[in-house]
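> need a structure here:
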Amino acid sequence: MAAALLGMVVLGETILSAPAFADIANCDRLAGLPQPWRNHGETPPPRPGPAFAQIDSEPAIAACRRALADRPDHVRARFQLGRALDKARRWDEAVTHYRRAAEESYAPAQTSLGLLYEDGRGVPQDPATAMRWYRLAAIQSYPPADTAIGLLFLDGHGTRRDEAEAARWFRQSAERGDPLGQLMLGRLYQQGRGVVVDEVAAVEWIGRAARQGDVEAQTAYGFILQEGRGVRPDPVEAARWFRRAADQGDIAALSQLGWIHEQGLGVPASDAEAARWYQRAARLGAADAQRNLAWLYQQGRGVPQDLGQAARWYEASSAQGDARAQVALAWLHEQGMGVPVDEATAERLYRASARQEFWQGQNALAWFLAVRGRDLPEALRQARAAAAQQPRSGDVLDTLGYVLFRSGRLPEAQATLERALGLDTVEPARVHEHLGDVYAAQGRRDDARAQWEKAVAKRPAATQLLRLQEKLRTR
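Next comes the predicted model:
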């Protein structure tokens, strides 16, 4: 009997019964850290768990409550219950369990409690208190705490803004193996913040984080390989990394997979496959994917042409402030394609895009106002702003020239339109027509007719052709 009791004692800890062991093992599996912290000496030793975003909160909460019912003093189970409650957004309860574990010097709990203070979830927002909890965890060489301190220094929350100090903390956490610290250090090397720009070092650190399974780093590494920043471009390998991140639900990776399938970058070009990836990202709220999916519906590429669907996805993207989607949706409203004609909505969307200093929005707003003869000073301001960004675009200069013409500034209009003729244009007929209009206003009838005839020779759309034929008959 004595021998049997002695056999149940290991390092002063009574071995858990089989059901209790199973409860803690389930708590680990459902709510534990992907990289367990092993410095606290709990029994049984921790096992890897899911990434925070992958926690299924209700089963995790139930398993960790059972584990604590058997062992109320088991600090890891208490922290993991807090983590599951945190994922369930039950922050008041999460704070209670995090705090109890943190007060027992459990570094992961100290760091998680600090995060709640930093964000103001379950407690008043207090970055200074967050920093105190992070430092207590960092004293115990807990790498995620080093990363959290680095982020506070990087943004100047709860402390002074100091990018060099942030880089020092990120390096410390990166060298200790924290994937987020590695990713952040790599980004600082890309941007030259707190360190000298070093694309090769960025590749090394972001690659390390990606190989540890960090989903954000996998996407970032995919972009590095696709763009060839600090490494030879490898679109095939880039596509593999995007796929790994997408398989974990990363929105940016899902959207980028749509783009690379649309463009055939490292994968066979396929509009249908592009649409499939865009749809997944769009449903998760990715504005760029929503806009790109709308374009496929508008063109009938990879999906049946459906202007109503195009308008709906442009609307979703526009609501998030996507300037390109705002221009596209405005045009649909202006033309009455997939939506009723609504010039007020079109103007509102053009203005929203222009306010973001997006040149297509500025150009479109200038054209919209000029053809209606409204607010020509604003039209000219927007046209000049677009031309400043796109000085080699014949179409943008055509808009500027037309606005100058409508504003009565004929010499400037002539010079601008003549310059536009020497540049690439999508609609050369329009430039010739506008230059002809300027010549006509100057009394140069032969020159005007010559430009209108050149416009006709460019095979314009039916409405423009009718307008040109009328000018040639009557002037």
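> Could you use CA atoms for every contact and neighbour count after this?
Will do.
> Would you check how far apart the one residue sitting closest to the centre of the chain and Gly181 are?
When CA atoms, centre = their mean is applied to the chain, the residue found nearest the centroid is Ala252 (5.8 Å). Distance, Ala252 to Gly181, by CA to CA, to the nearest Å: 20 Å.
> same deal with Glu163?
For Glu163, the distance to Gly181 equals 14 Å [CA to CA].
> out of those two, which sits in the busier spot?
A direct count of neighbours by other CA atoms under 10 Å for Glu163 and Gly181 places Gly181 higher, at 30 against 21.
> Walk me through the domains of the protein.
13-141, 357-475 (automatic domain parsing).
> worst average pLDDT in those?
For the domains of the chain, mean pLDDT drops lowest on domain 13-141, to a mean of 92.
> Cys299 contacts Gly308, doesn't it?
No, residue 299 isn't Cys; it's Gln. No - Gln299 is beyond contact range of Gly308, at 11.9 Å (criterion: CA atoms under 8 Å).
> May I see the buried residues of stretch 108-120?
Within stretch 108-120, the residues scored as buried using 16 or more other CA atoms under 10 Å are Pro108, Ala109, Gln110, Thr111, Ser112, Leu113, Gly114, Leu115, Leu116, Tyr117, Glu118.
> count of residues packed around the nearest residue to the third one once chain neighbours are set aside?
The spatially closest residue to Gln110, leaving aside those adjacent along the chain, is Ala102, at 4.6 Å (CA to CA, 6 or more residues apart in numbering). Burial measure for Ala102: 25 neighbouring residues, criterion other CA under 10 Å.
> where's Ala102 relative to Ala109, distance?
In terms of CA to CA, Ala102 sits 5 Å off from Ala109.
> Likewise for Gly266?
43 Å.
> what's the answer for Arg467, then?
Distance from Arg467 to Ala109, by CA to CA: 73 Å.
> Glu378 contacts Trp367, doesn't it?
No - using CA under 8 Å, Glu378 is not in contact with Trp367, being 10.7 Å away.
> Between these two, tell me which one has more neighbours.
Trp367 (23 against 15).
> Surely the more buried one is in a helix?
Yes - judged by DSSP: H, G, I helix; E, B strand; the rest coil, Trp367 forms part of a helix.
> who's in contact with it?
Ala379, Ala383, Thr399, Val403 (CA atoms under 8 Å, 6 or more residues apart in numbering).
> at 6 Å what do you get?
For Trp367, no contacting residues are found, by CA atoms under 6 Å, 6 or more residues apart in numbering.
> which ones are touching Val341?
His333, Glu334.
> What does the residue nearest to the centre of the chain show for phi and psi?
The phi/psi pair for Ala252 (degrees, to the nearest 10) reads phi -60, psi -40.
> Check the gap between it and Glu58 for me.
Taking CA to CA, one finds Ala252 at 28 Å from Glu58.
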